[in-house]
Each structure stands twice: as C-alpha cells, then as structure tokens.
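*Asks:* Predicted model and sequence below, questions to follow.
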Amino acid sequence: MKISHLAAGLSGSEIIKIGNEVSEMVRQGATICNLTIGDFDPALFPIPDGLQAGIIAAYQQHQTNYPPAPGIAELRQAAADFVHDRQGLTYTPAEFLVAGGSRPLIYAAYRALVDPGDRVVFPVPSWNNNHYCHLTGAVPVAVPTRPEADFMPTAADLAPHLAGATLLALCSPLNPTGTVFTKAALEEICDLVLLENQSRGPNEKPLYILYDQIYWLLTFGETEHFDPVSLRPALREYVLYIDGLSKCFAATGVRVGYAFGPALVIDQMKAILGHVGAWAPKAEQVAAAKFLPQTGAVDAFLDGIKAGLQRSLQALYDGLGALEAQGYPVAAIAPAGAIYLTTRIDAVGRTTPAGQVLATGKDLASYLIQAAGLAMVPFSAFGAEATDPWFRLSVGAESMASIEAALLRLPAALDALGVREPVAH
C-alpha cells in the first residue's frame with residue numbers, strides 16, 4: 001500500500017508518546033509524577049464555575065446544531081471586547097475566527113500565509129513549528145536560543161534569518177520554557193520586522209508574525225505580558241494572534257480557541273477551516289461568550305489558578321535549586337508564566353547501573369521515569385539536539401504532594417549515575 005509523501009514523512013508528537021507510555025505505566029500500578037503533558041487535572045484545576053454552568057445550560061437549551069463557521073457572533077464580540085479591555089488591542093468581531101482550540105488556528109494560519117518552499121523562522125525550543133512546516137511544505141529555519149536569555153529569541157538571534165522569510169513564529173509565555181519576552185527584547189524584534197517589510201517591493205509577500213499568546217493570562221509576580229501591535233501599532237497588518245480559553249481557564253477539553261488579526265488573513269483562514277470543519281462546539285461557544293464579559297468571575301478564577309500553579313512551579317524550582325546546592329548537576333530557570341518549568345540535568349552520556357549508556361535526553365528521560373518515578377519531556381521534542389540536557393516540566397496535572405515526593409526520589413536516581421560533585425564548604 002502506498003501513502004502520500006507528506007504522511008510518510010510526518011512524525012508523531014514525542015510529548016504525546018511519552019505521556020501515553022507514562023499513563024499506561026500508572027494504569028499498571030507504577031507511582032510516577034507525570035510532568036509531561038501540557039494539561040490540567042480537573043480535580044486540581046477545574047474550569048470556572050460560571051463557564052461550566054454556562055456549558056450545561058447551553059446543552060439544556062439544545063444548542064447542539066452547527067455553529068457559524070467563523071464562530072458565533074456573540075463570542076467573537078466578547079473576545080474582541082476582552083482583548084480590547086485587557087490588552088488595549090482594537091479589532092472588530094469580523095477580524096476574529098473561532099475554532100476547536102488553538103491548533104486548527106495555527107494550522108490555518110500556516111496554510112493561509114505559507115506556500116511550499118517559503119521560509120518560516122522560529123526559535124528552538126518551541127512547540128510544533130517544525131511539524132507545521134512539514135504539513136505545509138515550508139522550509140523550516142530553526143534558530144537556537146540560549147539559557148542566558150531564558151531561551152527567548154533575541155533580535156540578534158533572528159536578524160540573520162529574516163530576509164526573504166514569510167513567517168516568524170513567536171510564543172510568549174513560551175511553550176516549553178515558561179519564560180516571556182521583555183518589553184525591550186520584543187520591541188527590537190518588532191523593529192526588525194518593520195525594517196524587513198519596508199525593504200520589500202509591492203509584489204512581494206510581507207514578513208508576518210504568528211504570535212501565540214495562549215498562555216498570556218498566566219504570568220506570575222511582577223511579570224508583564226507584551227505583544228507586537230501594542231508595542232508597534234505599525235505592525236497591525238502583519239501580526240496574527242493565537243489565543244483562547246484552553247490554558248488560562250484550564251479548559252483544554254472545552255476546545256474554544258480564537259485567532260485575530262488583519263482581515264485579509266483572517267478571511268482566508270475562515271475559508272480554510274470552513275472546509276476542514278474544525279469548529280468549537282456551539283454550546284461551549286455560547287457559554288464562553290457569556291463568561292468572558294464577567295470581569296469579577298474571570299479575575300477571581302485567574303487569581304486562584306495562578307496561585308496554585310505558582311506554588312507547584314516554585315516547589316520544583318526550589319527543590320531543584322537545593323539539589324544543585326548539594327552538588328548535583330541540575331539547574332532551573334525561574335518560572336515567569338504558563339505551566340512550565342525549564343530544568344537542566346547534566347547526565348547525558350552517563351551509564352546506568354544496568355550498563356545502558358544514556359546517549360540522549362530521551363534516554364535520560366526514560367531512565368528517570370523508571371528510577372525516580374519522574375516523567376518530563378526532553379527539549380529534543382521541541383526541536384533541540386538529541387543530546388540537549390534541558391527538559392520541560394509541566395505542573396498542571398500533578399498535585400503538590402506528588403511533586404514533592406518525586407523530588408525526594410530524584411537524588412537516588414542521580415546518585416546511581418555517579419554525577420554528584422563534592423561541595424566545598
């Protein structure tokens with residue numbers, strides 16, 4: 001049997017694969033702290049009461065027929081009001097497109113903007129841009145980033161790659177790192193895009209920015225979220241935003257996402273998804289349209305979920321920091337947003353007690369699942385080199401007790417690899 005070249009060359013999600021393996025081990029009785037999937041345990045982080053009640057009411061009112069392909073008008077208006085009130089961004093409801101989460105919207109954006117052979121620039125690590133390039137025949141331009149910059153791309157990193165590119169894919173807070181753009185860093189990148197577009201002729205495609213801000217309401221402490229059009233209004237015709245309810249309201253299974261941006265692009269995305277049919281369920285749209293304007297309920301929910309996530313992230317950060325102080329080759333980057341912590345474990349290349357050489361980050365991740373009952377995702381799943389020693393830890397689906405227990409199990413697993421260095425006193 002023959003299949004398409006696209007299907008034959010497509011690799012599945014490494015994150016989902018690891019998560020499924022861990023779930024099967026847990027089903028068989030293993031004790032594992034599963035920090036792999038970017039999801040929430042509803043028992044720990046349920047969706048807002050008002051949103052849940054609205055969904056139930058909408059089904060009871062028989063809101064079960066096809067929604068309009070671009071999304072119901074009430075939700076597009078509510079989303080437009082929401083981003084205007086909270087970000088100062090002014091877009092009409094016609095410049096919004098609703099879909100079943102952010103994934104179909106990102107795919108539609110690639111399809112609307114990118115032709116086969118076009119260059120797409122994105123930082124490494126980042127989520128799934130390599131796969132979207134494969135799906136659209138784009139030429140991926142993966143730009144390595146540095147821990148010194150919290151793995152956020154800088155203007156200096158990106159500048160050599162923007163000439164002639166069609167799309168620059170950015171995300172803040174960033175999946176997988178949980179870090180964010182500073183105002184100055186994003187301004188410098190915006191200025192690069194403006195200069196690049198000023199250099200192009202009238203018959204050339206502009207350089208667009210795909211700005212994934214699905215985690216933007218989940219920032220901690222004094223951290224602020226910044227976006228391109230707020231900083232540089234001249235970019236308005238070149239920025240496509242990806243947003244929605246999935247992460248900020250712990251509503252990953254509710255499947256309500258929205259994109260907004262220039263009408264020319266949004267209209268083409270509407271046509272594409274109209275054929276794909278990747279609509280958010282109508283009842284969920286009706287409920288979301290009623291919930292978003294409830295400022296008090298939204299703020300109260302966000303305060304609660306951010307406090308819970310920050311406690312878990314801080315526990316991980318402090319626990320790994322304590323191991324580093326004891327001579328273990330681990331480090332972590334302070335959490336700023338989203339549901340992720342970035343950690344380095346310098347044990348790639350070591351040999352296990354069973355004689356296996358941990359040649360890659362994936363090998364080390366597998367070892368730690370078995371030896372420490374701790375599951376995390378290597379940065380190689382986000383485009384980094386196979387030997388990269390950095391990992392993503394996602395805290396939305398595990399309790400504080402589970403996280404603390406895993407931190408207690410980790411030293412013995414590392415001791416078995418002989419990685420601990422003496423600490424000078």
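*Replies:* In hand now; what should we look at?

*Asks:* Am I right that residue 344 is in a strand?
*Replies:* Yes: using DSSP: H, G, I helix; E, B strand; the rest coil, the assignment for residue 344 is a strand.

*Asks:* quick one, what contacts it?
*Replies:* 147, 329, 330, 331, 332, 389, 390, 391 (CB atoms under 8 Å, 6 or more residues apart in numbering). C-beta here means a position set from N, CA and C on the backbone, and glycine is covered the same way.

*Asks:* Could you check what's spatially nearest to the first one, not counting adjacent residues?
*Replies:* This points to residue 147. Spatial nearest neighbour of residue 147, chain neighbours left out: residue 333 (6.8 Å); criterion: CB to CB, 6 or more residues apart in numbering.

*Asks:* partner residues bridging that neighbour?
*Replies:* Going by DSSP bridges, residue 333 is paired in beta bridges with residue 342.

*Asks:* sorry, back to before: of the contacts of residue 344, which is the nearest to residue 401?
*Replies:* The closest of those to residue 401 turns out to be residue 332 (CB to CB; 20.0 Å).

*Asks:* Which residues are in contact with the closest one?
*Replies:* 316, 317, 320, 321, 341, 342, 343, 344.

*Asks:* do that again at 6 Å, thanks
*Replies:* Residue 332 makes contacts with 317, 320, 341, 343, as judged by CB atoms under 6 Å, 6 or more residues apart in numbering.

*Asks:* same deal with residue 256?
*Replies:* By CB under 6 Å, 6+ apart, the neighbours of residue 256 are 244, 245, 280, 284, 288.

*Asks:* now the top helix by length along the chain: mean pLDDT?
*Replies:* Taking DSSP state H as the criterion, the chain has its longest helix at helix 295-325. Averaged across helix 295-325, pLDDT comes to 98.

*Asks:* Pull out the buried positions in it.
*Replies:* 298, 301-302, 305-306, 308-310, 312-313, 315-317, 319-320, 323-324 (16 or more other CB atoms under 10 Å).

*Asks:* quick one: contacts of the helix or strand bottoming out on mean pLDDT in the chain?
*Replies:* Within the chain, no helix or strand scores below helix 14-27, which has a mean of 84 by mean pLDDT, DSSP states H and E. Helix 14-27 is contacted from outside by 32, 34, 36, 37, 375, 377, 381, using CB under 6 Å, 6+ apart.

*Asks:* Reformat those into CSV and put pLDDT and distance to residue 80 next to each item.
*Replies:* Compiled in CSV, the contacts of helix 14-27 are given as follows (pLDDT from 0 to 100; distance: CB to CB, whole Å):
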residue, pLDDT, distance to residue 80
32, 96, 43
34, 95, 37
36, 94, 35
37, 90, 31
375, 97, 40
377, 96, 35
381, 94, 35
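
*Asks:* Buried residues of whatever helix or strand residue 135 lives in, list them for me.
*Replies:* Assigned by DSSP states H and E, residue 135 falls within helix 129-136. Within helix 129-136, the residues scored as buried using 16+ other CB under 10 Å are 129, 130, 131, 132, 133, 136.

*Asks:* who's in contact with residue 111?
*Replies:* Residue 111 sits in contact with residue 272, where contact means CB under 6 Å, 6+ apart.

*Asks:* Residue 136 versus that one, what's the distance?
*Replies:* Distance, residue 111 to residue 136, using CB to CB, to the nearest Å: 6 Å.

*Asks:* What count of nearby residues applies to residue 341?
*Replies:* 27 (other CB atoms under 10 Å).

*Asks:* residues in contact with it?
*Replies:* 178, 313, 316, 332, 335, 393.

*Asks:* Now do the contacts for the closest residue to residue 119 other than its chain neighbours.
*Replies:* In this structure, residue 119 finds its nearest non-sequential neighbour in residue 165, 4.3 Å apart by CB to CB, 6+ apart. Going by CB under 6 Å, 6+ apart, residue 165 touches 119, 121, 207.

*Asks:* Do you know the pLDDT at residue 165?
*Replies:* Value for residue 165, per-residue pLDDT: 98.

*Asks:* can you check residue 422 too?
*Replies:* Residue 422 is assigned 81 on the pLDDT scale.

*Asks:* Which residue is the nearest non-sequential neighbour of it?
*Replies:* Leaving aside its sequence neighbours, residue 422 is closest to residue 327 (6.1 Å, by CB to CB, 6+ apart).

*Asks:* wait, what's in contact with the one you found?
*Replies:* Residue 327 neighbours (CB under 6 Å, 6+ apart): 420, 421, 423.

*Asks:* what's the angle between the helix or strand encompassing residue 367 and helix 14-27?
*Replies:* Per DSSP H and E, residue 367 falls inside helix 361-372. Interaxial angle, helix 361-372 versus helix 14-27 (axes from the mean of the first three to the mean of the last three CA atoms, to 10 degrees): 20 degrees.

*Asks:* Going C-terminal from helix 361-372, what's the next secondary structure element?
*Replies:* Per DSSP H and E, the first helix or strand lying C-terminal to helix 361-372 is strand 374-375.

*Asks:* tally of neighbours for residue 331?
*Replies:* Residue 331 has 17 neighbouring residues, counting by other CB under 10 Å.

*Asks:* which SS class is it?
*Replies:* Under three-state DSSP, residue 331 comes out as strand.

*Asks:* can you confirm residue 401 is in a helix?
*Replies:* Yes: remark: residue 401 belongs to a helix, assigned using three-state DSSP.

*Asks:* what about it, how many residues close to it?
*Replies:* There are 9 residues near residue 401, going by other CB under 10 Å.

*Asks:* Residue 138 against residue 114, yeah?
*Replies:* Yes: between residue 138 and residue 114 there is a contact at 4.8 Å, judged by CB atoms under 6 Å.

*Asks:* Now do the host helix or strand of residue 97: which elements does it pack against?
*Replies:* Using DSSP H and E, the element containing residue 97 is strand 96-99. Helices and strands touching strand 96-99, by 3 or more CB pairs under 6 Å, 6 or more residues apart in numbering; DSSP states H and E, are helix 73-87, strand 257-260, helix 263-276.

*Asks:* Which of the residues in the last one are classified as buried?
*Replies:* Buried positions in helix 263-276, judged by neighbour count with 16+ other CB under 10 Å: 265, 266, 268, 269, 270, 272, 273.

*Asks:* Let me know the secondary structure of the nearest residue to the fourth one once chain neighbours are set aside.
*Replies:* What that stands for is residue 269. Take residue 269 and drop its neighbours on the chain: the residue closest to it by CB to CB, 6+ apart is residue 108, 4.1 Å away. Three-state call for residue 108 (three-state DSSP): helix.

*Asks:* Then the one 3 residues further on?
*Replies:* Under the three-state scheme (three-state DSSP), residue 111 adopts helix.
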